[in-house]
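1. dropping the sequence and predicted coords here.
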Amino acid sequence: MMSTLERLCHETDSQLRDLESRLSQYEQVGEDFVMNLEADIQDVSGKITATLQRLDILVDKEPFSRRQNSKLRVDQIRYDFQHLKSALRQLQTRRAQRLQEENQRRELLATDFSKLPNGGHTAIQIQDSELRHHSLMKNVNKSVVRNGIVTATRWDCTVTIDAS
């Protein structure tokens, strides 16, 4: 016969697997389904949190001979849950950054550029992480080739357009 603690551990493991499968879907779903998926993830997370609190109480009620093993198992479940929550935050951050970059690209494409007085140039700041990374790698490569060591890095990306 399975104890309540063991049954809850199995249920929580199953919920963790379910949460992990939902996280794997997170980057693949379209914008229409993200809100529903996040609501489902929050629902499962709430259930796991409540179950972990119940497990903490049940561990303290275990006989001394089994208490340490039970505590280790609950701690492992808690660690796995924290790891999945961290992965969710990282996915949300990445998604928000991608949306921000898309909006900035749309704004840039909608911008009407005109010739500046005195034959000047137009400079546009682009906050694109991929372009920034490429520019950084290019600058590092130039520094290594020129000096044999990295002397400076540059994090800003400026696109210059000749308005003539």
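-> Arrived safely. Since the model is a prediction, treat every value here as computed from it, not as a measurement.
2. how close does the most centrally placed residue in the chain sit to Leu84?
-> Among the residues of the chain, the one closest to the centroid is Gln90, at 1.4 Å (CA atoms, centre = their mean). Applying CB to CB, to the nearest Å, the value for Gln90 to Leu84 is 11 Å. The C-beta positions use only the backbone N, C-alpha and C, and glycine is treated the same way.
3. confidence score at Gln15?
-> Note on Gln15: pLDDT of 94.
4. so what's it up against?
-> 44, 47-48, 51 (CB atoms under 8 Å, 6 or more residues apart in numbering).
5. run through the protein and note the low-pLDDT ranges.
-> Within the chain, the set of residues satisfying pLDDT under 70 comprises 1-2, 113-128, 144-164.
6. circling back to that earlier point, just the buried subset of the contacts of Gln15, written out for PyMOL, thanks.
-> A single PyMOL command selects the buried members of those (16 or more other CB atoms under 10 Å):
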select buried, resi 44+48+51
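7. so which of the contacts of Gln15 sit within helices?
-> 44, 47-48, 51 (DSSP state H).
8. from the residues you listed, which single one is nearest Met137?
-> The nearest member of these to Met137, counting by CB to CB, is Val44 at 39.5 Å.
9. quick one: that closest one and Leu16, what's the gap?
-> In terms of CB to CB, Val44 sits 9 Å off from Leu16.
10. tell me where this structure has strands.
-> Counting by DSSP state E, the chain has strands at residues 121-125, 158-162.
11. pull out the buried residues from stretch 91-104.
-> In stretch 91-104, counting by 16+ other CB under 10 Å, buried: 91, 101.
12. kindly report the same for stretch 75-89.
-> For stretch 75-89, burial by neighbour count (16+ other CB under 10 Å) applies to 77-78, 80-81, 84-85, 88.
13. and stretch 35-45, by the same measure?
-> Here stretch 35-45 shows 38, 41, 44-45 as buried, counting by 16+ other CB under 10 Å.
14. let me have those in JSON lines, adding distance to Glu6 as columns.
-> Listed next are the buried residues of stretch 35-45 as JSON lines, based on distance: CB to CB, whole Å:
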{"residue": "Glu38", "distance to Glu6": "31"}
{"residue": "Ile41", "distance to Glu6": "26"}
{"residue": "Val44", "distance to Glu6": "21"}
{"residue": "Ser45", "distance to Glu6": "22"}
